[in-house]
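[1] Predicted model follows, preceded by the sequence.
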Amino acid sequence: MYRRTVLGFLVTGIVSICYLLIGNPSSEIIRIIRSPEFLLTFSAGSILAVSGVIFQNVLSNPLADPYILGISAGSGLGAVIGFYFGKDPHIFSLLTGIITVFLLLLMAKFLNSKLKLLLFGVGLNTLFSSLIVFLIAFGKIENFPSILFFLMGFIPIISLKKAVFFLFLSLILLFILLPFSKKVDALALGDSFAYFTGINPEKERIVLIFITSVFIAFTISQTGIIGFVGIVIPHIGRFLKILRTKKLLLFSFFAGGNALLIAKSILKFGFPTTDIPVGTVTALIGAPIFIGVLVRSKRFA
Amino acid sequence: MKFFKILVLSSILFIQTALPSPKKVVSISPAITEIIFYTGNEKYMIGNTIYCTIPKEAKKIPKIGGIINPNIEKIVALKPEMIITTTITPNNKTKLMEKLGISVKTYQIETIEDIEKVTESVANIFERREKKFGEKFRKSYKKTIKKLSKCLKGKKTLIVFSSNPIYTAGNSTFLGEIINDAEGINIAGNGKYKTISAEYLLSRNPDFVILATMEGKATGKLFKELGIKVIKVNSTYLLKPGPYIIKGIKQLRKAVCIEEQF
Amino acid sequence: MLKAKNVSYKNILKNISFWANRGTVTGIIGENGSGKTTFLKALSGFLKFSGRISVNGKDIKKIPVNLRTSLINYLPQEFPQTELTPFDILNITGEFKKIHGREIKNIISSYNLTQIASQPFLSLSGGEKVRVFLAKIELINPLIVLLDEPSAFLDIKITNILKKFVERMKRLSKTVIIVSNDLNFTINISNHIVGIKNGSLISQSGTDIQQFLEKVYETKIKLTKIDKKYFIF
């Protein structure tokens, strides 16, 4: 397994060097644009993928992703509210994201059922999404591109300090989650199985969802709602026969970060003069893969 | 043959002159509202959109909804003789109003020339005046642009509306035209409204970036981090393609010239 | 010794009192939907029931979750759909109990799982799946073993595996409780039988077996005894 981790670092190293140096940019561009971009992209991708592993296992649902319980729409709503009132959308989105997480926590304790929690999340998603559309309809037209980029998911240009902070966030998340691997494995086999290995399934589920959702809220507040990374990367891992949580987390950390980097590179170097949200590529590539997974899992239904 | 032509021409002229100028008009465009005020015909405007805020007096006129989503029922209730709008209003809405028996005039206003032409055309709708207003606008525009070019000449710049993403106006928009007419260099390049990447912006080496947003709280933070000078401009008048844009250009001139210490 | 006193759960279980000794097999029978599985889940502490359940005098609610499963463990009626292998499943279980490599290898061979130990669980046959979970239970080595509808597979081979398992557990002085609708299997393997009807317990003591069965199922039952074994029609 350590061999694989080293491989992960190597791949990341190669991809990042390419990203920083393609097109022979000036050192100013590397420092001010490419480095923060690369760090944020990798961090976002890894946080999303790692969270996807947790959500899929903890909810015993291969179609789950970190957004399924409504945190994406909650954060999105905050951002749109921010745009509407001319305030900083990042702060608002983080605020509403955290509020949504606590709301979920409350409901999880109250509902006491995986299915009900999932359905509640779907309901929340729908509610917030409609509020978002409503606000957009009354919003200022100049905000449309910014709102669109946020909802599709994009990589904004931020300070190097902030970007490094996000890298730390992604590493912290990984190190928090790795010790839970055993429990996540047990939860993936169902609440009954988990209970009989000696854990309290409800409690562990709530803790894990809470932790990952907070990190997701931070990510969304910067990058908007980048889709498909959380759902597809863990499946690619399973396709490669990486089934146990510990290995899958490590795989997803590197694969998620690099996959998003590659997606961003396609846009950045394919269309260098313009700015296209990275969520478009993750959707275009991720959706067919997602459908492939659906078809494949149907065979074992 | 010649006689036939004269007959057709004179009958057209006759029909034109025979059409009375409308006394009750609804505007579904802030630009058109500006033009109606500019040409002194505001007394005939019985309704306009919630976005029609220029000039100030336009706010007092009854509202009929938005530009893309006007409230048809409200419009019909006002019993207008004519509706004047732009191509931004969706086709199905204008067709619906025609079906309801109201005459609709649609204009495209995207360039400075458009503003001039439409001003003229709208003036003609109301009274059989000589061509005055279009020309008035053009003269005013030329004068103000000349003053602007004193500070903008040879400068590489662009007008942006947001920083993440960088949303800007290309040469085919009235904003791009303003830069070009003032002998500046529009880094945004050709095209209409578009998003550009930060690297592209840096590589073009702008002298400064003109940050034009409606809210007072515009963040030029990103550009400052990129080491690019930011000139904020009050854009209440500047971002609307109507004759009152002259005021906006004056504000732009003030902002740029002060920054550039002219 | 497992003791249940006045156990109720929502309106599915109504005031059930029950006990079972070490080294015995208790069969629980009853109609579908009578609450048998729910009772098993309550016994293991998986559900939040009202009343008291104790293991060797200790109230199960007061025992922390991670220690409970060493006392009571459970063979479920339905198995999880997973691509993990039997090896993985046993390893996951073992990691919690700090049981490692060699013991797991031993269990795998004693349950004849060596051939299939590295195959995805969901590709296994019903009988193989049961064996994996029986191996899991033996790995945990609890005092009390609960089996939920184990013969639902209606496969003679599986029934034999289960019989051997139950007898082994009995010899190891464990308390075994089987919930089943397979009357032939249950009656012949159990030391005691209780019935659950509409959430209430019906004990057999004092009653003739045939009368008891008819009371639980509310239908005519024909009972024959051949070679000390009961057969039901």
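    Okay, I see it. Keep in mind that this is a model prediction, so the values were computed, not measured. Numbers count the residues shown, from 1 in each chain, chains lettered A, B, ... in the order given.

[2] For the residue of chain A found nearest chain C, give me the pLDDT.
    Going by Cβ to the nearest Cβ, chain C is nearest to residue A:198 of chain A, at 4.0 Å. (Each C-beta comes from the backbone N, C-alpha and C, glycine too.) pLDDT for residue A:198: 89.

[3] Which residue, other than its chain neighbours, is closest to residue A:266?
    residue A:281 (5.7 Å; Cβ to Cβ, 6 or more residues apart in numbering or on different chains).

[4] What separation is there between the one you found and residue A:263?
    Residue A:281 sits 4 Å away from residue A:263, going by Cβ to Cβ, to the nearest Å.

[5] likewise residue B:45?
    Distance, residue B:45 to residue A:263, by Cβ to Cβ: 51 Å.

[6] Output the below-cut-off pLDDT ranges for chain C.
    For chain C, the stretches flagged by pLDDT under 70 are C:151-154, C:206, C:228, C:233.

[7] Give me every residue in it lying close to chain A.
    Counting by Cβ under 8 Å from any Cβ of the partner chain, the residues of chain C close to chain A are C:44, C:46, C:65-70, C:73-74, C:76, C:80-84, C:88-89, C:92-93, C:95-97, C:122, C:140.

[8] With chain B instead?
    Residues of chain B lying near chain A (Cβ under 8 Å from any Cβ): B:69, B:161-167, B:189, B:194-200, B:202-203, B:213-217, B:219, B:222, B:225-227, B:239.

[9] buried subset of the residues you listed?
    Among the residues of chain B next to chain A, the ones that count as buried by 16 or more other Cβ atoms under 10 Å in any protein chain shown are B:161-167, B:189, B:194-200, B:202-203, B:213-214, B:219, B:222, B:225-226, B:239.

[10] Helices of chain C, start to end?
    C:36-43, C:65-71, C:86-96, C:101-110, C:126-140, C:156-171, C:183-189, C:209-217 (DSSP state H).

[11] Number of residues surrounding the residue of chain A closest to chain C?
    20 (other Cβ atoms under 10 Å in any protein chain shown).

[12] Quick one: distance of stretch A:122-129 to the chain centre.
    The chain centroid and the centroid of stretch A:122-129 are separated by 18 Å, computed with Cα atoms, centre = their mean, to the nearest Å.

[13] what's near enough to touch the residue positioned nearest the centre of chain C?
    Nearest to the mean C-alpha position of chain C, counting by Cα atoms, centre = their mean, stands residue C:147 at 1.4 Å. Counting by Cβ atoms under 8 Å, 6 or more residues apart in numbering or on different chains, residue C:147 makes contact with C:74-75, C:162, C:166, C:176-180.

[14] how does it look with 7 Å?
    C:75, C:178-179 (Cβ atoms under 7 Å, 6 or more residues apart in numbering or on different chains).

[15] Return the entry from these with the maximum number of neighbours.
    Busiest of the contacts of residue C:147 [other Cβ under 10 Å] is residue C:178, holding 27 neighbours.

[16] Which positions in the stretch 201-301 of chain A make contact with chain B?
    A:272-275 (Cβ under 7 Å from any Cβ of the partner chain).

[17] Narrow those residues to those that are buried.
    Buried members of those, counted by 16+ other Cβ under 10 Å: A:274-275.

[18] wouldn't residue A:70 be in contact with residue A:128 here?
    Yes. Between residue A:70 and residue A:128 there is a contact at 6.5 Å, judged by Cβ atoms under 7 Å.

[19] Show me the shaky parts of the stretch 1-150 of chain B.
    B:1, B:4, B:6-19, B:128-131.

[20] that older thread, now, which of the buried ones among the residues of chain B next to chain A lie within helices?
    Going by DSSP H, the helices hold B:198-200, B:202-203, B:222, B:225 from those.

[21] related to what we said a few turns ago, which one among the contacts of residue C:147 gets closest to chain A?
    So of the contacts of residue C:147, ranked by how close each gets to chain A (Cβ to the nearest Cβ), first place is residue C:75, at 9.6 Å.

[22] which ones are touching the residue of chain C found nearest chain B?
    Across chain C, the shortest distance to chain B (Cβ to the nearest Cβ) belongs to residue C:83, at 41.5 Å. Counting by Cβ under 7 Å, 6+ apart, residue C:83 touches A:238, A:243, C:120, C:122.

[23] Among the residues you listed, name the ones in strands.
    Among these, no member falls in strands (DSSP state E).

[24] From those, list just the buried residues.
    Buried, going by 16+ other Cβ under 10 Å: A:238, A:243, C:120, out of the contacts of residue C:83.

[25] any idea which of those residues is the one closest to residue B:107?
    Nearest to residue B:107 among those: residue A:238, at 58.7 Å, using Cβ to Cβ.

[26] for that closest one, what are its contacts?
    Going by Cβ under 7 Å, 6+ apart, the list of residues near residue A:238 reads residue C:83.

[27] okay, the residue nearest the centre of chain A: pLDDT?
    With distances taken as Cα atoms, centre = their mean, the residue of chain A nearest its centroid is residue A:48 (2.4 Å). pLDDT for residue A:48: 97.

[28] packing partners for the host helix or strand of it?
    Using DSSP states H and E, residue A:48 maps to helix A:35-58. In terms of contacts (3 or more Cβ pairs under 7 Å, 6 or more residues apart in numbering or on different chains; DSSP states H and E), helix A:35-58 is packed against helix A:2-21, helix A:160-177, helix A:181-188, helix A:201-223, helix A:229-239, helix A:245-270.

[29] Residue C:208: which of those helices is closest?
    Here helix A:201-223 is closest among these (Cβ to Cβ), at 43.6 Å.

[30] How about the closest one and chain C, touching?
    No. Using Cβ under 7 Å from any Cβ, we find that helix A:201-223 stays clear of chain C, coming within 8.5 Å at best.

[31] which other helices and strands contact that helix?
    helix A:35-58, helix A:71-84, helix A:89-111, helix A:160-177, helix A:181-188, helix A:191-197.

[32] hey, where'd the helices end up in chain B?
    Under DSSP H, chain B gives helices at B:2-18, B:30-38, B:72-77, B:91-99, B:112-126, B:133-152, B:174-181, B:198-203, B:221-225, B:245-259.

[33] among those helices, which is the most enclosed?
    Among the helices of chain B, helix B:30-38 has the highest mean neighbour count (mean count of other Cβ atoms under 10 Å in any protein chain shown), at a mean of 26.

[34] which helices and strands does the host helix or strand of residue A:116 pack with?
    Per DSSP H and E, residue A:116 falls inside helix A:114-138. Applying 3+ Cβ pairs under 7 Å, 6+ apart, we find helix A:114-138 packed against helix A:71-84, helix A:89-111.

[35] Packed most tightly, which of those helices would that be?
    It is helix A:71-84: most buried of the helices and strands packed on helix A:114-138 by mean count of other Cβ under 10 Å, with a mean of 26.

[36] relative to helix A:114-138, how tilted is it?
    Put simply, helix A:71-84 runs at 20 degrees to helix A:114-138, going by axes from the mean of the first three to the mean of the last three Cα atoms, to 10 degrees.

[37] ok, now which ones touch residue C:190?
    Residue C:190 is in contact with C:25-27, C:178, counting by Cβ under 7 Å, 6+ apart.
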